[in-house]
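*Asks:* okay, here's the prediction I keep looking at, along with the sequence it came from:
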Amino acid sequence: MISITAADLSGISPALHLAVAGIAIMLLDALWPMRSKLLSVWITLAALGCSLTTSLHRLTAGVDVTLFNGAVRMDGYAHAFSAIICLASTLAVLSAPKYLRLRGVHLAEYYALLLFSVCGMVLFAAAEELIMLFLALETLSIPVYCLVGFTRTNVYSTEASMKYFVIGAFATGFLVYGIALLYGAAGSGYLVDLRAGAARAPGLFYAGMTLLLVGFLFKIGAVPFNMWTPDAYEGAPTPVTTFMAEAVKAAPFGGMIKVLFVGFGFDAAVGLWQPALVVIAVLTMTVGNLTALVQTDVKRMMGYSSIAHSGYILVGILAASKLQSADALAAVLYYLFVYVLMNAGAFGILILFSHKDKDTNAVEDLTGLARERPWAAALMAVYMLSLTGLPPLAGFFGKFYIFSYAVKAGYVPLVIIAILNSVVSAYYYLKVIVAMYFRGPEDTGRAAVFHYEGYSVFLLAMLWFTAWGILYYGIHSEPQLALARLAASSLFATAP
Amino acid sequence: MSAEKVAFFILSGLTLGGGLAILFSVRLMRAVVYLLVSLFGVAGLYILLNAEFLAALQVLIYIGGITILMVFGLMLTGPGQFVNPAESRLKAVAAGVSSLTTAIVLLLIVKKTKWPAGTQALAGDTTAEIGRLLLTDHVFAFEIASVLLLVVLVGVALFVRLARDGGKP
């Protein structure tokens, strides 16, 4: 007897929409190949929109259900992550059609794979059990390995895909090893039961915890497990880099925060992982920012910058765990939301000026943009200033909330390092602005051409939306923070 | 020494010996054969643990499926000698030291641990029990595994097609 009830299916619908849409796209592509491309963009957007609105609605309604005999739990926390991830993926999908058409790889499979990956991400934040956690992580990762190599005739893309795959598989090995040891210690895979394992078989438990955390740190690109990030970001087709930099970046935090707070949230374990994460946060911020300084390629630079941002987010997680406050965790969720907007926008500008045979990737390629395309330059300036963290943009408030809670938690030296790092990061973000506004073709010796090849309404809509979001949600952060607080308090309700 | 103990030492010898032989073999084809030996050892250990179903799966999937696929892959691509990519001595030493430390630490932990579950035999028909669990407690994991496999199939088919004709339908 199969024990799936209608309530299970309805509860999991944010993930179900996405998987069903993915299958529908593949069937459509087989039956009606001539029209399937544009239709699949619309199906993807519709599915993501459905999931996004369902998640938001259930988050505000306070829905909290445990499904499939406790394997997943769709509470405020899972719904909030689902909403952030669906928003991020929508932005990534909007940026894709133009670029893929120019490269001659506009295939329906792109959208199907992307949707399956998003389905895995939603489940990753909802998983309550280690086997589910592992399956969700693989479902979210494997499509991304394929997407990175999507421009298969490009040798860099293939190389990036290969590297990402091999290192990703390696990280999964750590994760599975950790899961096996934890299961051996606790005799159960459920996160709430892990605690018993620490008392019964401490050595086994802490070895498992370490290995599991190493697996997570690989996925979020924390130092010293960061080496795949810049190569994968640079080699991937730019819309895939967009997807990686926001959705694939935010999703692992969903599972990681839950495991840290629910599975390893008791005093003895916290005493071990907190100091370790402090060291890793410092390394991640500093190494990410310092290496980003010397980059000349915007995609690579953003890769290192994303490592640095992982460090800031770790600071937020540490503060939330020390204070045991839902408000502090809400700041982390708000930061992820803002981070998604900024990254989508910045990569969107690169896609806007990508041509049939050449990407616009180098900082030099943007020289003199402000004279020819003032609006595009203004948008890019907004994204870069927000990434730096200048008020009154959303990026500033994201950092401000995280840092102020970290000070409250007593992490003053950590915050000082983080602020110094933000100052350093201003140099490379401003480098882009200087190139756009204060330099012209006379400085580089060659005229850059900024014409739109393959005009896309989707892309323009995405760019304007993200810029508006950064301006608007910075000052009006209260509604977003209230939602995040709802989500965070539902996680703390389950934590020991 | 009981017969079970003798069997255990032979089987773990096969598993570990096969694993080490993979590390030190130069030809990929030989490495695959050693992998076969190692996987057979693991299947035997499963039988010792009274997990017959798992042992059967190990033989069917890993030995019958995956290693045979690897042999096919090798025969079709013909990579010949395996070139060791470790370019510097320092790296090799660092890798060796870190693997050894990890192994020793894990070994000490495993030795120190008082294993919570006893060594009593599993009751009854393990195959039926696994089937029941997959369709009740772990039904969702079971379903998601099918999404995962679908993704892998689509991804591989797409990758091969893109390599052949670069996105043209």
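*Replies:* Cool, got the structure.
*Asks:* so which residues of chain B form helices?
*Replies:* B:3-24, B:28-48, B:52-57, B:68-77, B:89-112, B:126-135, B:139-165 (DSSP state H).
*Asks:* nearest approach to residue A:179 belongs to which of these?
*Replies:* helix B:139-165 (12.4 Å; C-beta to C-beta). All C-beta atoms are positioned from the backbone trio N, CA, C, and that covers glycine.
*Asks:* packing partners of the closest one?
*Replies:* Helix B:139-165 makes packing contacts with helix A:13-31, helix A:108-126, helix A:130-148 when contacts are defined by 3 or more C-beta pairs under 8 Å, 6 or more residues apart in numbering or on different chains; DSSP states H and E.
*Asks:* what residues sit buried inside it?
*Replies:* B:139-145, B:147-148, B:150-152, B:154-155, B:158-159, B:161-162 (16 or more other C-beta atoms under 10 Å in any protein chain shown).
*Asks:* what angle do that helix and helix B:126-135 make?
*Replies:* Between helix B:139-165 and helix B:126-135, the angle comes out at 80 degrees (axes from the mean of the first three to the mean of the last three C-alpha atoms, to 10 degrees).
*Asks:* now the angle between helix A:130-148 and helix B:139-165, please.
*Replies:* Using the same axes, to 10 degrees: helix B:139-165 against helix A:130-148 is 20 degrees.
*Asks:* okay, the angle between helix B:139-165 and helix A:13-31?
*Replies:* Using the same axes, to 10 degrees: helix B:139-165 against helix A:13-31 is 40 degrees.
*Asks:* what's the angle from helix B:139-165 to helix A:108-126?
*Replies:* Using the same axes, to 10 degrees: helix B:139-165 against helix A:108-126 is 150 degrees.
*Asks:* pLDDT on helix B:139-165, on average?
*Replies:* Mean pLDDT, computed over helix B:139-165, is 88.
*Asks:* pick the most deeply packed of the helices and strands packed on helix B:139-165.
*Replies:* Across the helices and strands packed on helix B:139-165, averaging neighbours per residue (mean count of other C-beta atoms under 10 Å in any protein chain shown) puts helix A:108-126 on top, at a mean of 29.
*Asks:* domain map for chain B?
*Replies:* B:1-82, B:125-169 (automatic domain parsing).
*Asks:* next, format these as CSV and append distance to residue A:328.
*Replies:* Below are those laid out as CSV (distance: least, C-beta to C-beta, whole Å):
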stretch, distance to residue A:328
domain B:1-82, 45
domain B:125-169, 32
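*Asks:* just for chain B, where's the confidence low?
*Replies:* B:78-87, B:116-123, B:165-169 (pLDDT under 70).
*Asks:* close to chain A: what parts of it are there?
*Replies:* B:105-106, B:108-110, B:112-117, B:135-141, B:144-145, B:147-148, B:150-152, B:154-155, B:158-159, B:162-163, B:166-169 (C-beta under 8 Å from any C-beta of the partner chain).
*Asks:* contact partners for residue A:232?
*Replies:* A:148, A:160-161, A:163-164, A:244, A:303 (C-beta atoms under 8 Å, 6 or more residues apart in numbering or on different chains).
*Asks:* what does residue B:130 give?
*Replies:* residue B:53.
*Asks:* what about the contacts of residue A:232, which one has the most neighbours?
*Replies:* residue A:148 (29 neighbours; other C-beta atoms under 10 Å in any protein chain shown).
*Asks:* does that one touch residue A:164 like I think?
*Replies:* Yes: using C-beta atoms under 8 Å, residue A:148 is in contact with residue A:164, at 5.4 Å.
*Asks:* how about a markdown table for the contacts of residue A:232, with distance to residue A:185, secondary structure and pLDDT added?
*Replies:* A markdown table is the format used below for these (distance: C-beta to C-beta, whole Å; DSSP: H, G, I helix; E, B strand; the rest coil; pLDDT from 0 to 100):
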| residue | distance to residue A:185 | secondary structure | pLDDT |
| --- | --- | --- | --- |
| A:148 | 36 | helix | 93 |
| A:160 | 37 | helix | 92 |
| A:161 | 36 | helix | 92 |
| A:163 | 34 | helix | 92 |
| A:164 | 32 | helix | 93 |
| A:244 | 34 | helix | 94 |
| A:303 | 36 | helix | 93 |
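*Asks:* now the helices for the stretch 251-400 of chain A?
*Replies:* A:267-293, A:298-323, A:326-352, A:369-372, A:374-388, A:394-408 (DSSP state H, counting those that start in this stretch).
*Asks:* so for chain B, which of those helices sits nearest?
*Replies:* In terms of C-beta to the nearest C-beta, the element of these nearest to chain B is helix A:267-293, at 14.5 Å.
*Asks:* what angle do the closest one and helix A:394-408 make?
*Replies:* Using the same axes, to 10 degrees, helix A:267-293 lies at 140 degrees relative to helix A:394-408.
*Asks:* and chain B, is helix A:267-293 touching that?
*Replies:* No: Helix A:267-293 lies apart from chain B when judged by C-beta under 8 Å from any C-beta; the minimum separation is 14.5 Å.
*Asks:* okay, angle between that helix and helix A:298-323 too, please.
*Replies:* Using the same axes, to 10 degrees: helix A:267-293 against helix A:298-323 is 160 degrees.
*Asks:* give me the helices and strands touching helix A:267-293, please.
*Replies:* Against helix A:267-293 (3+ C-beta pairs under 8 Å, 6+ apart) you get helix A:194-200, helix A:202-220, helix A:298-323, helix A:412-437.
*Asks:* so which of those helices is the most surrounded?
*Replies:* Mean neighbour counts for the helices and strands packed on helix A:267-293 (mean count of other C-beta under 10 Å) peak at helix A:298-323, with a mean of 26.
*Asks:* helix, strand or coil for residue A:453?
*Replies:* coil (DSSP: H, G, I helix; E, B strand; the rest coil).
*Asks:* just checking, it touches residue A:355?
*Replies:* Yes: under the criterion of C-beta under 8 Å, residue A:453 makes contact with residue A:355 at 5.0 Å.
*Asks:* which residues are common contacts for those two?
*Replies:* residue A:102.
*Asks:* pLDDT weak spots in the stretch 301-450 of chain A?
*Replies:* Those would be A:445-449, if you go by pLDDT under 70 across the stretch 301-450 of chain A.
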